[in-house]
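Participant: got a sequence here, can you model it:
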Amino acid sequence: MRTKVQSSRGSATDNHPSIDWRLHTVLLAAWVFVATQGKTFLSLDAESIATDGYAAQVAFIQEVMAEDGSILHLKPLYWIHGARASVALAFTALEQLGGAWLVGFFFYLLLKPLARVLSESTRPLAGIALPIAMVALSYRSVLVVASIGYLVLYIRYTDKSWYLALSLLLANLSSGAVLASMLIAGFIGPNYRKNSYLLRAYAIVACASLVISLQDKVQGFLAGDAGYDSTIRGATGILALLSRSTIFISFSEGNIARGAIYISILAVALFAIIQAGRQIQYGAYLRIFILTLPAFFLEGLGVLALLFPVLMFSANIPFPLKPKALNRRPYSFVRKTHRVPLQTRESRRAAQT
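Facilitator: Down below sits the predicted model:
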């Protein structure tokens, strides 16, 4: 079986193990399903532009680029919109080349590394949530899930710096994902990769993006601008912002199924917080979910941004605050045959006495 070779600096040359065959079968089936259904990334017809904020952003950037050839003269908020638009336009180009089959194949390849990690656990079928997301959620939502997934893969498993670049680009599709990625890169990453300039740069750029987006949102809600309407009559400012959280809107619009999914993710995160307080192998989950709880209550896809850490926890993959707690190489995969026995804080103190 192939393994990773660790360098003297503590990095790893990544050779992935295989995916659990059941999970791989479901992932392939999800690709075939979305392709035969003709699923597209984004529609830019008049109705979509009028009702979908993301489609409106993409259409605006297209218009500016057609007229001026650049967006650099616009305020920084539109630079973020430009990054979001670049993702949509890339998938539009893929659709023109190979239709829904090619786009679906990209998402199959995108989710494959995440599925590999979940396969190397005691509960690999937790990863079935990934192909289900590919079928049931919008492609944009799947990219938000992948944004945090690739950041965790870089921190925990691999040396591939392009994972960071991809993660940062995809995280900007949602302010909640930017918040989560900034906190994970800033407060978890340094424990696994000391003096990593790439992680520092990642956290700084994510912080700048978040400040720009939140400043615009708060100002819009305070002023009551169009597109920043509260779902609670008379609410303004922060209360108006919270009233547009994905969980709140799901239930207020009668979308019980979507709301139940988001509540389930929140419930697992809260359970992880309790468990991580007792078992040192789960310490990183404790920090991740405590730091990113605000993402559950923001507008947009912040809830989905935490789906991959939730799946890792559900698959029983140890993720301590520091790699030495694994009693093995810092970036190695967790294998069924070499599982580290879970230790409670009480048992650790007893062993030291």
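
Participant: what bits of the stretch 251-353 of the chain have low per-residue confidence?
Facilitator: 251-253, 295-300, 325-353 (pLDDT under 70).

Participant: what about the strands in it?
Facilitator: Applying DSSP state E, counting those that start in this stretch to the stretch 251-353 of the chain gives no strands.

Participant: what are the ranges of the helices in it?
Facilitator: For the stretch 251-353 of the chain, applying DSSP state H, counting those that start in this stretch gives helices covering 256-276, 283-292, 302-305, 307-314, 345-352.

Participant: and the second one with helix 307-314, angle?
Facilitator: Spelled out, it's helix 283-292. In terms of direction (axes from the mean of the first three to the mean of the last three C-alpha atoms, to 10 degrees), helix 283-292 departs from helix 307-314 by 140 degrees.

Participant: burial check on F187, number of neighbours?
Facilitator: F187: 17 surrounding residues under other C-beta atoms under 10 Å. In this view, the C-beta of every residue, glycine as well, is placed from N, C-alpha and C.

Participant: how far away is it from A30?
Facilitator: For F187, the distance to A30 equals 33 Å [C-beta to C-beta, to the nearest Å].

Participant: is it true that A55 touches A46?
Facilitator: No - judged on C-beta atoms under 8 Å, A55 makes no contact with A46 at a distance of 9.9 Å.

Participant: show me which of the two is the more surrounded one.
Facilitator: A55 (19 against 10).

Participant: now the more buried one. Its backbone dihedrals?
Facilitator: Here is the backbone geometry of A55 (degrees, to the nearest 10): phi -60, psi -40.

Participant: how about it: what's its closest non-neighbour residue?
Facilitator: Closest residue to A55 apart from its sequence neighbours, by C-beta to C-beta, 6 or more residues apart in numbering: S48 at 4.3 Å.

Participant: any idea how far the one you found lies from F106?
Facilitator: 21 Å.

Participant: could you do S174 as well?
Facilitator: S174 is 19 Å from F106, by C-beta to C-beta.

Participant: these two: which is more packed in?
Facilitator: S174 (29 against 16).

Participant: you'd agree the more buried one is up against L306?
Facilitator: No - using C-beta under 8 Å, S174 is not in contact with L306; the gap is 11.2 Å.

Participant: so who does K112 touch?
Facilitator: I19, L27 (C-beta atoms under 8 Å, 6 or more residues apart in numbering).

Participant: model confidence for it, exactly?
Facilitator: pLDDT for K112: 95.

Participant: same question for K39.
Facilitator: 95.

Participant: how is it assigned, secondary-structure-wise?
Facilitator: Following DSSP: H, G, I helix; E, B strand; the rest coil, K39 is assigned to coil.

Participant: kindly provide the distance from it to A46.
Facilitator: Distance from K39 to A46, by C-beta to C-beta: 21 Å.

Participant: go on, A305?
Facilitator: Distance from A305 to A46, by C-beta to C-beta: 30 Å.

Participant: try G38
Facilitator: 20 Å.

Participant: among the helices of the stretch 251-353 of the chain, which is nearest C207?
Facilitator: With C-beta to C-beta, the closest approach to C207 among those belongs to helix 283-292: 13.3 Å.

Participant: what's next to that closest one, contact-wise?
Facilitator: 179-180, 183-184, 187-188, 191, 269-270, 272-273, 275-277, 302, 305-306, 309, 312-313, 319-322, 325.

Participant: gap between the two ends of stretch 67-79?
Facilitator: 16 Å (C-alpha to C-alpha, to the nearest Å).

Participant: now stretch 271-282
Facilitator: 11 Å.

Participant: just the C-alpha atoms of stretch 150-164, please, in CSV.
Facilitator: Extracted in CSV, the C-alpha atoms of stretch 150-164 (Å, rounded to 0.1, in the frame of the first residue of the first chain):
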residue,chain,number,x,y,z
TYR,A,150,-9.9,21.4,0.7
LEU,A,151,-8.6,23.7,3.5
VAL,A,152,-8.8,20.9,6.0
LEU,A,153,-7.1,18.5,3.6
TYR,A,154,-4.2,21.0,3.2
ILE,A,155,-3.8,21.5,6.9
ARG,A,156,-4.2,17.8,7.9
TYR,A,157,-3.1,15.7,5.0
THR,A,158,-1.3,17.1,2.1
ASP,A,159,1.3,19.6,0.8
LYS,A,160,-0.5,20.6,-2.3
SER,A,161,-0.6,24.4,-2.2
TRP,A,162,-3.2,24.6,-5.0
TYR,A,163,-5.7,23.2,-2.5
LEU,A,164,-5.4,26.5,-0.6
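
Participant: buried ones in that stretch, by neighbour count?
Facilitator: By neighbour count on 16 or more other C-beta atoms under 10 Å, the buried set for stretch 150-164 is 150-160, 163-164.
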